[in-house]
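Asks: Below are the sequence and a predicted model for it; my questions follow.
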Amino acid sequence: MSEKELGKKWDRCLADAAVKLGTGLGLGIVFSVIFFKRHTWPISLGSGAGLGMAYANCQNDLRSHYMLRKNEKVSICF
Amino acid sequence: MLRACVRGAKTTARCNYGQTYFNNLHQRHYTTGGTSAGLKVVTAGLISVGGVFGGTVLYAKWDPKFRSTVEKNVPYADWLLGTALGPPVDPLPIKKKMERSQPPSMMEKTLKEPKPVATKKEKDVIEKPSVSPASAAQTIEEASAEATHIISAMSEVQSVPAPHDTEAAVLKKMPEQCDECEAATLAPDTALAPEALKERPMEEVAARLAEQDQAEKDVLESLSANLDESLSNSAKATLTAIGAQEAALQAISKHTQKLKEAMEAEVPSEEKSVQWKDLEAALINRGTAVDDAHAALLNAREALEGLKAVIDKSKGLMVLAARPLVLAAEENLHKMVVDLDKMVTKVQAAESEAKVVSQYSELVNEAKLQFQREVTSLTPEIQANWKSLTGKLTQDDLNALIAHAHRRIDQLNRELAEQRVREQIHMEAALDQQRLEHQKALEMAVDSALQHMREDARLEQERKLAELREVMEAEMRTQLRRQAAAHTDHVQDVLKVQEQELRSEAQQVLSSKLLEQETLYRQLTQEQLDNFTLDMNSAYARLKGMEEAIDSHVVAEEEAQRAHRLWLAVEGLSHAMGTAQGESTTTPLESAAQVVRESCLNNEFALALAAALPKESLERGIYSEASLRSRFHSLCPVARRVALIDESHNSLYQYFLSYLQAVLLFEAPRQAPPAQIRAQDLDPFKLLAYASYCLEHGDLELAAKLVNQLRGEARRVVDDWLREVRLTLETRQVVSLLSAYANAVGLGTSQAS
């Protein structure tokens, strides 16, 4: 079911994004609370980093089919 | 002339140009000088060139070698010389002509000679067969002459024509040789003898030969008779002449003897008178004898002349057999002539002697008469016969007589002295006379001797010729005999060879005929056999055909049954394919396929088709069209959402854009696909619209094709669906083929049955 792949990918993406965001946020909060005197910048940093990672992961996942791997051989058909 | 022109120009210049003529003159002088000099040079050059040309042309006309060298070395000289003099006369053909003219002249000579001969021969052929031997001999002579001419022409040596032979034994070969000669002459000179000389037939030739022989014999006989006659005549005449001459000689000698006796002997008067009477008688005798001899001589000469004429005539006839006769006759003639001449000379000698003696006697008589006259003049009384007067004379008479005698003696002495004086002259005169007479006699003798010698030589020559001819004849006969022998041998050999050839030919013909007959017989028998076997075969074939027909019917029945079974199976398969049971979207077709396979065990085509069913459809089954349709409907929005994503555009942002596009783009969900689609205006939305339209109308194939055109992520999304559709289509195709085949088979078998 190739049509379901996309949905699956999106699910993974969102899940991953949620996780990463949450983790980033949490870590940010933790760091801001613990180390950075309740500045907001670690929180935004953490959440941003989390979001960024999630974005990158999502993008990579969605691109994964088109990326040529080291040991793969892709036939180019016109 | 040039100067005249120049002067004229000057004058015209003076006339026309007036004052300025000086200048003009000067100018003109310079110019004219210059031009005159130039013109001179030009004219000189032209003249020399013309002279050179003319000289070469003339010399070339005179000397062809020079002409050829000029033509070789100077490029267009041959054209020039050709136009001027005409084509070059080649010296070589003249030589050739000369060389060629020489042998043809000889050939012509030799050809010309046979030509009149050939014409003569034509005349002979045209003549009737009763031809005289002269002409036959002539033809033979001509033939031999021709032969020699031919030989001479071939060897280019002028040879003396061989002497013509007319031997009776050879004559039989002669016609053949003649014909050969004719043929030989005809071969090179067919132009000369245009009328065909036909070969005389054998009988005619034999008849002619016999006639010729007969004629020859007749001639010979007549000739010999003539010769004998004339010979005998002339012999007789000669003998008579010789006898007469002898008699004359005798008479003359007797007469002279008598005269001498009468002159010199001093005998008594009675005996003297007797002597004188005898003398007279002898004289008369002599006269008659001489006349007789003369007449006989004339007769003999006439006879000899006649004989000579006959001999000449016989020689003219030219018959060889008469030759010895002729020769003998000639010899006889010669002998007779010689004898006659001898006798004549003898008689002449005797006559001359007799003349001398008679002259002497005359002189003596004259002297006597004179003396007697003197005596009678002195003594008239004395009678004539003074010898008997010795007793009757007187003294005066005696004295007178003695005086007369003395006077006479004186006179005679004087005469004697004179005579002695004139002796020499007389002697000389007499000698001269004698010499003259001797000369004449010598000449006559020499002439006659010469003639005799000539005759002798000629006769000798003829005799030798006759001998030689005999020898040659004998040789010729031997050679001809040899040739005949060789000919017979050759003919024998040829006959043997011919016999062998004919025998082998006959054998061949016989064997071929036998072979033919055999083959014919064999053919007939073979034909009979073939017919019989044909009949048998046809009967057998018919039987076989009937059996086969029955078998085929049985087979056909079986086939029909099988076809029916196949059809049923295929129907089952298609039904199974068409229906989806319960919740499972697919039904495995394995069982149905198995049934189909069973029902077409002996049918390769059906087996192949059955084997061609894709494995997945057998195991898993295929989706029905409806399910596929519904699936597509769920696919469509997904594909629309990822329309912009492909290899290069696949970031999240692109995804966002694609999603935005899908939301914002409003297109008809279904559109009918046009008949022709260009690649440019194929974007995913359109494709999906066309595909959904096709699906709605049941055209799965076209929908699949259209969907196949998607690229990028949309293609990835619809990949599975496409695979399913392909499977379905494949299976459906196979099943349709099978059903068509089953139908066809069933139709066919049902038709047959």
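Replies: Yep, it's here.
Asks: I figured A:T40 hits A:F31, correct?
Replies: No. Assessed by Cβ atoms under 8 Å, A:T40 is found out of contact with A:F31, at 11.2 Å. Using the backbone N, CA and C atoms, a C-beta is placed for each residue, glycine as well.
Asks: Next, count neighbours for the closest residue to B:E696 other than its chain neighbours.
Replies: Leaving aside its sequence neighbours, B:E696 sits nearest to B:R670 (Cβ to Cβ, 6 or more residues apart in numbering or on different chains; 6.3 Å). Per other Cβ atoms under 10 Å in any protein chain shown, the neighbour tally for B:R670 reads 15.
Asks: quick one: pLDDT of B:Q275?
Replies: What the model reports as pLDDT for B:Q275 is 75.
Asks: typo on my end, it should be B:R373
Replies: For B:R373, the predicted pLDDT is 81.
Asks: Distance of it relative to B:H404?
Replies: For B:R373, the distance to B:H404 (Cβ to Cβ, to the nearest Å) stands at 12 Å.
Asks: ok, the two, which is more surrounded?
Replies: Per other Cβ under 10 Å, whichever of B:R373 and B:H404 has more neighbours is B:H404, with 18 against 10.
Asks: Go ahead and report the secondary structure state at the residue of the stretch 51-200 of chain B found nearest chain A.
Replies: Closest approach between the stretch 51-200 of chain B and chain A, counting by Cβ to the nearest Cβ: B:P75, at 77.9 Å. Here B:P75 is coil, with the state taken from DSSP: H, G, I helix; E, B strand; the rest coil.
Asks: How about B:L279?
Replies: helix.
Asks: Enumerate every residue touching it.
Replies: B:H255, B:K258, B:L259, B:A262 (Cβ atoms under 8 Å, 6 or more residues apart in numbering or on different chains).
Asks: can the residues you listed go into TSV with extra columns for distance to A:I76, neighbour count and secondary structure?
Replies: Formatted as TSV, the contacts of B:L279 follow (distance: Cβ to Cβ, whole Å; neighbours: other Cβ atoms under 10 Å in any protein chain shown; DSSP: H, G, I helix; E, B strand; the rest coil):
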residue	distance to A:I76	neighbour count	secondary structure
B:H255	182	26	helix
B:K258	187	21	helix
B:L259	186	23	helix
B:A262	191	19	helix
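Asks: Let me have those residues in CSV, extended by pLDDT and distance to chain A.
Replies: Putting the contacts of B:L279 into CSV (pLDDT from 0 to 100; distance: Cβ to the nearest Cβ, whole Å) gives the following:
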residue, pLDDT, distance to chain A
B:H255, 82, 180
B:K258, 80, 184
B:L259, 77, 183
B:A262, 74, 188
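Asks: Give me the neighbour count for B:K308.
Replies: Neighbours of B:K308 using other Cβ under 10 Å come to 16.
Asks: my bad, A:G46
Replies: A:G46 has 23 nearby residues by other Cβ under 10 Å.
Asks: now do the one 4 residues further on
Replies: Counted by other Cβ under 10 Å, the residues lying close to A:G50 total 23.
Asks: list the contacts for it?
Replies: Taking Cβ under 8 Å, 6+ apart as the test, what A:G50 contacts is A:K20, A:L21, A:G22, A:T23, A:G24, A:L25, A:L27.
Asks: now with 6 Å?
Replies: Contacts for A:G50 were tallied using Cβ atoms under 6 Å, 6 or more residues apart in numbering or on different chains; they are A:K20, A:L21, A:T23, A:G24.
Asks: Now the third one. Nearest residue, chain neighbours left out?
Replies: Spelled out, that is A:T23. A:G50 (5.7 Å).
Asks: Can you give me the distance of that neighbour to chain B?
Replies: Distance check for A:G50 against chain B: by Cβ to the nearest Cβ, to the nearest Å, it reads 16 Å.
Asks: Surely that residue is within a strand?
Replies: No. Applying three-state DSSP, one finds A:G50 to be helix, outside a strand.
Asks: Tell me the confidence at the residue of the stretch 51-200 of chain B closest to chain A?
Replies: Looking at B:P75, its pLDDT stands at 84.
Asks: Near it, how many other residues are there?
Replies: 9.
Asks: got it, and B:M577?
Replies: 22.
Asks: Would you mind measuring from B:A445 to B:H294?
Replies: 20 Å.
Asks: who's more crowded, these two?
Replies: B:H294 (16 against 13).
Asks: State the distance from that one to B:R286.
Replies: On the measure of Cβ to Cβ, B:H294 and B:R286 end up 12 Å apart.
Asks: swap in A:K4?
Replies: Taking Cβ to Cβ, one finds A:K4 at 202 Å from B:R286.
Asks: More neighbours: the two, which one.
Replies: Using other Cβ under 10 Å as the criterion, A:K4 and B:R286 rank with B:R286 on top: 27 against 13.
Asks: you'd agree that one is up against B:H255?
Replies: Yes. Assessed by Cβ atoms under 6 Å, B:R286 is found in contact with B:H255 at 4.3 Å.
Asks: where along chain A do the helices fall?
Replies: A:2-34, A:41-63 (DSSP state H).
Asks: Out of those helices, which gets nearest to B:Y741?
Replies: B:Y741 lies closest to helix A:2-34 among these, at 35.5 Å (Cβ to Cβ).
Asks: one step back: ChimeraX command for the buried members of the contacts of A:G50?
Replies: Buried members of these, identified by 16 or more other Cβ atoms under 10 Å in any protein chain shown, are gathered into one ChimeraX selection as follows:
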select /A:20,21,23,24
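Asks: Of the contacts of A:G50, which pair is most distant in space?
Replies: A:L21 and A:T23 (7.3 Å).
Asks: near chain A, which residues of chain B show up?
Replies: B:L635, B:V638, B:E647, B:N650, B:S651, B:L652, B:R716, B:V717, B:D719, B:D720 (Cβ under 6 Å from any Cβ of the partner chain).
Asks: Most distant residue from the centre of chain B?
Replies: B:Q395 (127.7 Å; Cα atoms, centre = their mean).
Asks: any idea how far chain A is from it?
Replies: From B:Q395 to chain A the distance is 218 Å (Cβ to the nearest Cβ).
Asks: which residue does chain A bring closest to chain B?
Replies: Closest point on chain A to chain B, by Cβ to the nearest Cβ, is A:S2, at 4.0 Å.
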